[in-house]
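Q: What would the 3D arrangement of this be:
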Amino acid sequence: MPTYIALLRAVNVGGTGKLPMTELKAMCVAEGFASVQTYIASGNVVFDSKLSAAKVKAALEKRLQAYAGKPVGVVIRTAEEMAAVLKANPFPKAPPNWTVAVFLDEAPPADALAAIKGRQDEEVRLGRREIYVAYGSGMGRSKLKIPAAANGTARNINTIAKLVELASDS
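A: This next block holds a predicted model:
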């Protein structure tokens, strides 16, 4: 049975989209997902399911919309895909807490880098279905705007590594 990692967009960040992780876990269990584990309160959940990634995404988004009363974006990766994202990090020497992968449903557009605004000391690279960003002076000071990332959800390298670990234990 495949192990999946679901990343929810705009959950428990800056006071928006409050969703207790106990509720998220209960939704996953109600969908029939097995070995459900949440990680930190920002919408990360690891579980096993016989369903395809597309069906898992649709089921979670439907439950989340019913709960929140509005659409909640969900990005799905298999355990293997998440491990590949970690391995492909183009900034292995950058601080992992200041380096993120922005997870997208599809490959970033070819012109994604050209459309970036407000770049200072950040480094940006495109991945398969991710955009990697190393924030030179930290995320809090950054004015970086990546239009291609608007519908994505970012996780720092430390979080990605922990999700990979949880998925491998699943």
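
Q: For the helix or strand hosting Met82, enumerate the helices and strands it packs against.
A: Here Met82 sits within helix 79-87, counting by DSSP states H and E. In terms of contacts (3 or more CB pairs under 8 Å, 6 or more residues apart in numbering; DSSP states H and E), helix 79-87 is packed against strand 3-8, helix 157-169. C-beta: built from backbone N, CA, C; applies to glycine.

Q: Dump the C-alpha coordinates for the last one into CSV.
A: Below are the C-alpha coordinates for helix 157-169, written out as CSV (Å, rounded to 0.1, in the frame of the first residue of the first chain):
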residue,chain,number,x,y,z
ILE,A,157,14.2,21.4,4.4
ASN,A,158,14.0,20.4,8.1
THR,A,159,10.2,19.7,7.7
ILE,A,160,10.7,17.8,4.5
ALA,A,161,13.4,15.7,6.1
LYS,A,162,11.2,14.9,9.0
LEU,A,163,8.2,13.9,6.7
VAL,A,164,10.6,11.6,4.8
GLU,A,165,11.6,10.0,8.0
LEU,A,166,8.0,9.6,9.2
ALA,A,167,7.0,8.1,5.8
SER,A,168,9.9,5.6,5.9
ASP,A,169,8.8,4.5,9.3
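
Q: What is the burial count for Ala115?
A: By other CB atoms under 10 Å, 12 other residues sit near Ala115.

Q: Report the inter-axis angle for the helix holding Met82 versus strand 3-8.
A: 60 degrees (axes from the mean of the first three to the mean of the last three CA atoms, to 10 degrees).
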